[in-house]
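**Q** Pasted the sequence and its predicted model underneath.
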Amino acid sequence: MDIVFHCPQCRQELEADSGASGEQISCPSCNATITIPTSDPSTARPVASPSGPPSPAPQSPPGERTFAVPITKEPVQPLIQRPLPPLEAAARDTARKMRIKTIRHSDCREVGHDHFDTTVTEALNKIGEENIINISTLNYSYIEMGTQKLVTDYGVMIVYRG
Ligand SMILES: [Zn+2]
């Protein structure tokens, strides 16, 4: 005798030999791990009206294993947690916003002149050492107007508060 049951995950109707009761299988539809239930008329019934609206999930009789996927109610924790700043710094920082300044090398070049270092130095002095949070280098590619060639160049990104 065959057992007719439903995947608890995707409601796919499945059949198994009654001798397979208690065995674990993978749902052929959604790949969920399912334990084949014991032969039970209440679970072996076919779908009442396949053309009608989807019937609500059948109630599990007492003692039967439930297959509900545990859903965590915990809020998602951020991966990186910064230590809380001292109160004094926190009060001062609330008035300021995080900002970035990106300086691209190609934007600092004129014919025969390279102003990149000067531009970055001026930016750093303007921001002020105590406001700088992070400076990172970046590489980028662009099509050079004159030669129509793909050029790889570099720049810096300054993260600061101001
Ligand atoms: Zn399934």
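**A** Noted; the coordinates are in hand.
**Q** Phi first, then psi, for residue 138.
**A** phi -140, psi 150 (degrees, to the nearest 10).
**Q** Begin at 22 from now on, thanks
**A** Yep, numbering from 22; the last one is residue 159 now.
**Q** ok, it touching residue 179?
**A** No - look at residue 159 against residue 179 with CB atoms under 8 Å: they stay out of range, at 10.9 Å. Where C-beta positions appear, they are placed from N, C-alpha and C, glycine not excepted.
**Q** what about these two, which has more around it?
**A** Between residue 159 and residue 179, counting by other CB atoms under 10 Å, residue 179 is the more crowded of the two (19 against 13).
**Q** Output the helix or strand containing the more buried one as PDB, nothing but the C-alphas.
**A** Assigned by DSSP states H and E, residue 179 falls within strand 171-182. The C-alpha trace of strand 171-182 is given here as PDB (Å, rounded to 0.1, in the frame of the first residue of the first chain):
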ATOM      1  CA  LEU A 171      41.300  51.800 -22.100                       C
ATOM      2  CA  VAL A 172      43.500  53.300 -19.400                       C
ATOM      3  CA  THR A 173      43.900  52.000 -15.900                       C
ATOM      4  CA  ASP A 174      44.600  54.600 -13.300                       C
ATOM      5  CA  TYR A 175      44.600  55.100  -9.600                       C
ATOM      6  CA  GLY A 176      43.100  57.500  -7.000                       C
ATOM      7  CA  VAL A 177      42.300  57.800  -3.400                       C
ATOM      8  CA  MET A 178      39.100  57.800  -1.400                       C
ATOM      9  CA  ILE A 179      39.100  59.700   1.800                       C
ATOM     10  CA  VAL A 180      36.400  58.800   4.400                       C
ATOM     11  CA  TYR A 181      35.900  61.600   6.900                       C
ATOM     12  CA  ARG A 182      33.500  63.400   9.200                       C
END
